[in-house]
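Asker: Mind folding the following:
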Amino acid sequence: MGISTQLRQTLVGTTVVGAFFGALCALGSFAFYSEYGPRIAGAPHDTWANVFHAIGTFFWVTVGIIGAFGLLPSAVSFALSRLSREASNSSSKRTRDKPRAA
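Answerer: Below you'll find the predicted structure:
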């Protein structure tokens, strides 16, 4: 079973938007911890630690946006259509089994 065109477009679109907002959050995280990190206990102090923290921020923001705005609505839509189809099939079976009135 392949991926439908609509789902593919939804995933590509949310990936692009997620990557954009992930990049903004990563740059903001990098700038914030570069400026204020030495004053915050437990914050990444080294430049490489700051870079890896920004990469992690980019990854999690991107994955979160794909999940929240791409996969979750598609899964809910798929589940509702499946339930509707099953309910429709069961109701049509019930109406076919009834004898016709003469």
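
Asker: Grab the most central residue of this structure for me.
Answerer: Nearest to the mean C-alpha position of the chain, by CA atoms, centre = their mean, lies Gly67 at 1.5 Å.

Asker: Next, find the distance separating it from Ala79.
Answerer: Distance from Gly67 to Ala79, counting by CB to CB, to the nearest Å: 16 Å. Where you see a C-beta, it was placed from the backbone N, CA and C, and this is true even at glycine.

Asker: Look at Ala19 and say how many residues are nearby.
Answerer: 15 (other CB atoms under 10 Å).

Asker: Ok, Val12 next?
Answerer: Neighbours of Val12 (other CB under 10 Å): 11.

Asker: show me what contacts it?
Answerer: With contact set as CB atoms under 8 Å, 6 or more residues apart in numbering, Val12 has no partners.

Asker: Show me which residues of stretch 24-35 are buried.
Answerer: Buried positions in stretch 24-35, judged by neighbour count with 16 or more other CB atoms under 10 Å: 25-26, 29-30, 33.

Asker: hey, which helix is longest across this structure?
Answerer: In terms of residue count, the longest helix belonging to the chain (DSSP state H) is helix 5-36.

Asker: what helices or strands is the helix or strand of the chain with the lowest mean pLDDT leaning on?
Answerer: Sorting the helices and strands of the chain by mean pLDDT, DSSP states H and E puts helix 72-97 at the bottom, at a mean of 80. When contacts are defined as 3 or more CB pairs under 8 Å, 6 or more residues apart in numbering; DSSP states H and E, helix 72-97 sits against helix 5-36.
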